[in-house]
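>>> could you work out the structure for the sequence below:
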Amino acid sequence: LNDFNNKLQTLKSDIQKSLQIGDFKSAIKIGIDGTILAKLLPEPASTSELVQLNLNIANAYMQLNEPANAEIYINSSVEDAERGITIRPNNPQAIEMLCFALGSQALWLCNANRLPEAYTVGMRGYDLSVSIYGTEDFRLYKAVRCLALIYEKQNNLNEMEKSFKRSYDLVYSNPSAIQETHILSEEFIQQLVKHSQVESAYNYSLLFYNNFVSRINKDDLKPTEQLILGDQSARLSNLSCRLNKFQDGERYLLDALSIREKALGPESKSVGSTLLSLAGISEAMNKPTNEIEKFLVRAYEIFKRLEGPSSYLANSTYEHIKRLRNSQRSQSDGTDGYATSVTSENSLRNKKIATTGSDIPLLDANDGFGRMKLASQFFESQEFNKAQILLSEAYKIFLQQLGPDHASTKAAKQNLEVVKQNSINQLWKELADEMIEKLQINDENSNNNENGSSKAEDDSWLFKE
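Here you go, the predicted model:
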């Protein structure tokens, strides 16, 4: 048994290494070999190991976009967990294992648009979770979140909102779950915006912002708190502007700028993108041209330094500055130049860059391109839900302003499909990962010495400059 167990732990380690480097086919082969060894272990160790291995295999198949094979192993994981219940009736650890497996299955069915089945499985997972956690334990929040996502797919927006709010309240009840609370609140707001419930999104966002601020010391922020506060301030700014509350939007975004400068440095991409947004707000508020340009010039210098003068963001920001100056000249009384220019065109860039050749409204174009770039950053940090919302908005802007055959429209559409798949994979994988982590903890605490304890995301980002 010790020999089997040692070999199994080695295989599990090899699976994780293969997943991390994107060698999904090897991960599948190793995982299948692992299931053969796991079946030789005594219960309940055998069941626990099989659940973990089957979830890893399913994850690898999902990364390869082979949904039929992934479903086979998701279902096998549930069957193994069900067997665990028969081996250990009413055992909280066995029930918890089944809850996580059911959550994975429910999300899978939801993705496959098998919504009645998804709801039935999701509700069973919720009821089982309540049986071991109670109704107020913060650990219940993922089961409630799963139901919220199913309601969203059903277009039952009232129940979606109630479930997301309850899920938020549950996770917020745990003061140490700062990151989880923030991620859930972002997902909640994004779903409301997706369904054009901007007023509700703004009200909830303000509530979440105030809740977060009440728990931190703004004069002594930890790095994670800085980033979260910056994100929440920027989110409030975006929603304020959608509601034409531009003064509020400017105030929140200036806060976000200050926070991001301290947290990420004054020359970071995030700061550059924030400056672009501030320029857009300034234009919407009809502020003097020199006030708009100061944001654009600084953003251009950041993008030029980080990505080069020919990069898309540097180029599009330069074009914005040039158009802004041309507009100012056309309104002048024949003067030859822009008197209040922060810096001359020649000093802005040192080589010729082709113009876009487009007469689209500048703010709309930059808004779309800014969303594309931010989506790229969110993709790299595996925040796929955020990337999906931004790319969806960028695609709509490009489709309206540039038409379906423009390269930017095609790139946004292609990127959106990639992110959707990764978002689906991540929703499913979050439950699988948490279940595996729980199983490993349970394994460590088990009295069965023979039971050993035991990421990869698709990096095929297609962002086009």
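
>>> distance from the chain centre to the helix or strand containing residue 225, please.
Per DSSP states H and E: residue 225 is located in helix 223-242. Here helix 223-242 is found 15 Å from its chain centre; the criterion is C-alpha atoms, centre = their mean, to the nearest Å.

>>> list the helices and strands that helix packs on?
helix 178-194, helix 198-214, helix 246-264, helix 269-284 (3 or more C-beta pairs under 8 Å, 6 or more residues apart in numbering; DSSP states H and E). Yep, even glycine has a C-beta here, placed from its N, CA and C like the rest.

>>> list the buried residues of the third one.
I take that to be helix 246-264. 246, 248-253, 255-257, 259-261, 263-264 (16 or more other C-beta atoms under 10 Å).

>>> closest to residue 90 out of those?
Nearest to residue 90 among the buried residues of helix 246-264 is residue 263, at 47.9 Å by C-beta to C-beta.

>>> pLDDT below threshold where in the stretch 201-350 of the chain?
329-350 (pLDDT under 70).

>>> how about 90 then?
Where the stretch 201-350 of the chain drops to pLDDT under 90, the residues are 215-224, 263-264, 269, 283-284, 289-290, 307-317, 319-320, 322-350.

>>> now the residue lying closest to residue 57 once chain neighbours are set aside: which helix or strand?
Of all residues not flanking residue 57 in the chain, residue 31 sits nearest, at 4.0 Å (C-beta to C-beta, 6 or more residues apart in numbering). Using DSSP H and E, residue 31 maps to helix 24-38.

>>> now the helix or strand just after that helix: how far from the chain's centre is it?
As assigned by DSSP H and E, the chain's next helix or strand after helix 24-38 is helix 45-63. What separates the centre of helix 45-63 from the centre of its chain is 24 Å, taken as C-alpha atoms, centre = their mean.

>>> and helix 45-63, what does it pack against?
helix 2-20, helix 24-38, helix 67-87, helix 92-111, helix 407-445.

>>> most packed of those?
Stretch with highest mean neighbour count among the helices and strands packed on helix 45-63: helix 92-111 (a mean of 24; mean count of other C-beta atoms under 10 Å).

>>> mean confidence for that helix?
Mean pLDDT, computed over helix 92-111, is 90.

>>> report the distance from it to the chain centre.
On C-alpha atoms, centre = their mean, the centre of helix 92-111 falls 21 Å from the chain's centre.

>>> got it, and stretch 250-260?
The answer for stretch 250-260 is 21 Å, by C-alpha atoms, centre = their mean.

>>> contacts for that stretch, please.
221, 226, 229-231, 233-234, 236-237, 240, 268, 270-271, 274-275, 277-278, 281-282, 285 (C-beta atoms under 8 Å, 6 or more residues apart in numbering).

>>> same thing but at 6 Å, please
With contact meaning C-beta atoms under 6 Å, 6 or more residues apart in numbering, stretch 250-260 is reached by 226, 229-230, 233-234, 236-237, 270-271, 274, 277-278, 281.

>>> how about these in a markdown table, adding neighbour count?
What follows is the contacts of stretch 250-260, written out as a markdown table (neighbours: other C-beta atoms under 10 Å):
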| residue | neighbour count |
| --- | --- |
| 226 | 17 |
| 229 | 22 |
| 230 | 25 |
| 233 | 23 |
| 234 | 23 |
| 236 | 24 |
| 237 | 27 |
| 270 | 22 |
| 271 | 22 |
| 274 | 28 |
| 277 | 24 |
| 278 | 24 |
| 281 | 23 |
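
>>> now flag whichever of those residues is closest to residue 158.
Once C-beta to C-beta is applied, the member of the contacts of stretch 250-260 that ends up nearest residue 158 is residue 236, at 24.3 Å.

>>> who's in contact with the closest one?
205, 209, 252.

>>> output the helices and strands packed on helix 45-63 as a markdown table; include the columns distance to residue 144.
As requested, these are exported to a markdown table (distance: least, C-beta to C-beta, whole Å):
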| stretch | distance to residue 144 |
| --- | --- |
| helix 2-20 | 28 |
| helix 24-38 | 31 |
| helix 67-87 | 20 |
| helix 92-111 | 11 |
| helix 407-445 | 13 |
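
>>> out of the helices and strands packed on helix 223-242, which gets nearest to residue 113?
helix 178-194 (17.0 Å).

>>> using PDB, list the CA coordinates for the closest one.
Only the C-alpha atoms of helix 178-194 are listed here, as PDB (Å, rounded to 0.1, in the frame of the first residue of the first chain):
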ATOM      1  CA  ILE A 178     -11.400  40.100   1.500                       C
ATOM      2  CA  GLN A 179     -10.300  38.800  -1.900                       C
ATOM      3  CA  GLU A 180     -13.200  36.400  -2.300                       C
ATOM      4  CA  THR A 181     -15.700  39.200  -1.300                       C
ATOM      5  CA  HIS A 182     -14.200  41.500  -3.900                       C
ATOM      6  CA  ILE A 183     -14.200  38.900  -6.700                       C
ATOM      7  CA  LEU A 184     -17.800  38.000  -6.000                       C
ATOM      8  CA  SER A 185     -18.900  41.700  -5.900                       C
ATOM      9  CA  GLU A 186     -17.200  42.300  -9.300                       C
ATOM     10  CA  GLU A 187     -19.000  39.300 -10.800                       C
ATOM     11  CA  PHE A 188     -22.400  40.500  -9.400                       C
ATOM     12  CA  ILE A 189     -21.900  44.000 -10.800                       C
ATOM     13  CA  GLN A 190     -20.800  42.700 -14.200                       C
ATOM     14  CA  GLN A 191     -23.900  40.600 -14.500                       C
ATOM     15  CA  LEU A 192     -26.200  43.500 -13.600                       C
ATOM     16  CA  VAL A 193     -24.400  45.700 -16.200                       C
ATOM     17  CA  LYS A 194     -24.700  42.900 -18.800                       C
END
